[in-house]
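Participant: starting from these lines, generate the structure:
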Amino acid sequence: MAVNPESFPENRRNRPRRMPTMRKPLAGAGSPHMRTLIEHAKLELVPMKSLDRAIDELLPNSKISMTCSPAKSIDDTLDETAKLVAAGHTVIPHISARMVQTPAHLSEIVARIHEIGTREIFVVGGDADPPGCFFDALQFLDAFLGLDPNVDHIGFPAYPDTHPFISLDALHEALHTKQAMILDSDRTAHASTQMCFSADQIRTWLTAERAAGLTIPVHLGIPGVIDKTKLMTMGVRLGVGTSLRYLSKNRKAIGKMMTQRAFQPDQLLRPLADDLIELGIDGIHLYTFNQVAATEAWRQRILG
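Facilitator: Presented below is the predicted three-dimensional model:
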């Protein structure tokens, strides 16, 4: 099912701009759509020890996705969000449903989001065990949307590469239920893919979900420029076992990774470049693991 990116509200506001010619070609990157995706990519940061260094490496007016760390709290995420917003960045805080302790805590989170002034959040189920007052993101969204928060847009994750604890049927149902809940509340939404190293798997999964009624924009989640050892370690922690098995079976892919010191986003963007518009991929979410400088250097090289 073809999806026209011009139908998405944010695309009508941010039509592709003409960019200078890049020095090193990336297949498809000369197209206005690809260049716009790279230019406006979100950089995911994690509130951990390396965060201060990562913030120092940010370019002015960056677009940041600030995660929730299992070792910290939602309040810590919102504190870092407030600092970055005050510094002139656009920041989307993650809210981990299972880390919300009580209904009163939820009200405090809503008030804090309003105080910071951000009108977009990213909702994840999270791994907190035991959970607080919400078992998953669906329960959280039901309560959150009922409070009529001052939020216009809500993002949430999608899983082309399965999930270590949730069945494929449950993931499919949750994806479409979240879409319906958010759109029915007169808000806009997007789904952002979790790390997947197989372009074929992303293409097959998204084609099937489009055919099943997924209409919202999808943002492609891609590792930034990151040391391959750290990427593999973080990949296991994030539960992308299927994708790692794909790498182990695909000699060409694993050979390319092992001969390079770091993963390059090109490795996923190149094989998907001709399908981005057809699949309705309307954004790029770069998992930096706080290695911002290397990822920004790649992005600026591509944009020329």
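Participant: in the longest helix seen in the chain, which residues are buried?
Facilitator: When secondary structure is assigned using DSSP state H, the longest helix within the chain turns out to be helix 168-184. The neighbour-count criterion (16 or more other Cβ atoms under 10 Å) identifies 171-172, 174-175, 178-179, 181-182 as the buried residues of helix 168-184. Placement of C-beta: from N, CA and C, glycine included.
Participant: same check on stretch 77-95?
Facilitator: Under the neighbour-count criterion of 16+ other Cβ under 10 Å, stretch 77-95 has 77-82, 84-85, 89, 91-95 buried.
Participant: over to stretch 43-54?
Facilitator: Burial within stretch 43-54, assessed by neighbour count using 16+ other Cβ under 10 Å, is assigned to 43-47, 51, 54.
Participant: from the buried residues of helix 168-184, pick the one nearest Asp282.
Facilitator: Closest to Asp282 out of the buried residues of helix 168-184 is Gln179 (14.3 Å), distances taken as Cβ to Cβ.
Participant: show me what Thr188 bridges to in the sheet.
Facilitator: Applying DSSP bridges to Thr188 yields these beta-bridge partners: His153.
Participant: ok, now how distant is it from Ile284?
Facilitator: When Cβ to Cβ, to the nearest Å is applied, the distance between Thr188 and Ile284 equals 18 Å.
Participant: out of those two, which sits in the busier spot?
Facilitator: Neighbours around Thr188 and Ile284, counted as other Cβ atoms under 10 Å, are more numerous at Ile284. The numbers are 24 against 16.
Participant: contacting residues for Thr81?
Facilitator: Taking Cβ atoms under 8 Å, 6 or more residues apart in numbering as the contact definition, Thr81 lies against 66, 91, 93, 116, 118.
Participant: list just the nearest of those residues to Ala199.
Facilitator: Met66 (27.7 Å).
Participant: for that closest one, what are phi and psi?
Facilitator: Here the main-chain torsion angles of Met66 (degrees, to the nearest 10) amount to phi -100, psi 110.
Participant: can I assume it is in contact with Thr77?
Facilitator: Yes - here Met66 lies in contact with Thr77, judged by Cβ atoms under 8 Å, at a distance of 5.6 Å.
Participant: beyond the helix or strand hosting Arg210, next helix or strand please.
Facilitator: Secondary structure assigned from DSSP states H and E places Arg210 in helix 199-211. Where DSSP H and E defines the elements, the next helix or strand beyond helix 199-211 is strand 218-223.
Participant: quick one: stretch 211-229 to chain centroid distance?
Facilitator: 6 Å (Cα atoms, centre = their mean, to the nearest Å).
Participant: list the buried ones in that stretch?
Facilitator: Across stretch 211-229, burial judged by 16+ other Cβ under 10 Å covers 214, 216-228.
Participant: looking at those residues, which is nearest Phe165?
Facilitator: When the buried residues of stretch 211-229 are compared for distance to Phe165 (Cβ to Cβ), Gly221 comes out closest, at 18.6 Å.
Participant: for the closest one, give me the pLDDT.
Facilitator: As predicted, Gly221 sits at a pLDDT of 94.
Participant: could you list the low-pLDDT ranges of the chain?
Facilitator: 1-30, 230-261 (pLDDT under 70).
Participant: at 80 instead, please
Facilitator: Per-residue confidence of the chain (counting by pLDDT under 80) places the weak regions at 1-31, 70, 148-149, 162-165, 227-262.
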